[in-house]
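# Turn this into a structure:
(one chain, ligands or ions: 1)
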Amino acid sequence: MKYYVNDSCIGCGLCAGTCPEVFSMSDTGVAVAIDEEVAEDVQNSAAEAKDGCPVGAIEEA
Ligand code: SF4
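Numbering: from 1, shown residues only. As a prediction, this is how the structure comes out:
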């Protein structure tokens, strides 16, 4: 499974705090997801980050 961050991101930083293995904040202030399959051991925290995003900006790729 992969994730991507859509244009709704408001840059709150929650996802990067919850699952830094997958999400990070870009220079433009919005989140980006790594462009690779999410490792099994971080799938739970990645899903938690997706569910926790206040604007639903994280989608499964
Ligand atoms: S939790 Fe959602 S709004 Fe906040 S930085 Fe991540 S993708 Fe953007």
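# thought Ala49 was touching Val22?
Yes. With contacts counted by Cβ atoms under 8 Å, Ala49 reaches Val22, the gap being 7.0 Å. (Each C-beta comes from the backbone N, C-alpha and C, glycine too.)
# so what sits against both of the two?
Common contact partners of Ala49 and Val22 (Cβ atoms under 8 Å, 6 or more residues apart in numbering): Cys15.
# residue nearest the centroid of the chain?
By Cα atoms, centre = their mean, the chain has its centre lying nearest to Phe23, at 4.2 Å.
# For that residue, list the residues it contacts.
By Cβ under 8 Å, 6+ apart, Phe23 lies in contact with 3, 5, 15-16, 31-34, 46, 49, 58.
# let's go with 6 Å and repeat that
Phe23 makes contact with 15-16, 31, 33, 49 under the criterion Cβ atoms under 6 Å, 6 or more residues apart in numbering.
# For the residues you listed, pick the one with the most neighbours.
Among the contacts of Phe23, the one with the most neighbours (other Cβ atoms under 10 Å) is Cys15, at 27 neighbours.
# secondary structure element for it?
Using DSSP states H and E, Cys15 falls within helix 14-18.
# Helices of this structure, start to end?
Here the chain has its helices, by DSSP state H, at 14-18, 43-52.
# Show me where this protein dips below the pLDDT cut-off.
Residue ranges of the chain with pLDDT under 70: none are present.
# residues from it in reach of the ligand?
5, 9-15, 31, 53-55, 57-58 (Cβ under 6 Å from any ligand atom).
# Would you mind checking those for buried ones?
Neighbour-count burial (16 or more other Cβ atoms under 10 Å) applied to the residues of the chain next to the ligand gives 5, 9, 12, 14-15, 31, 53, 57-58.
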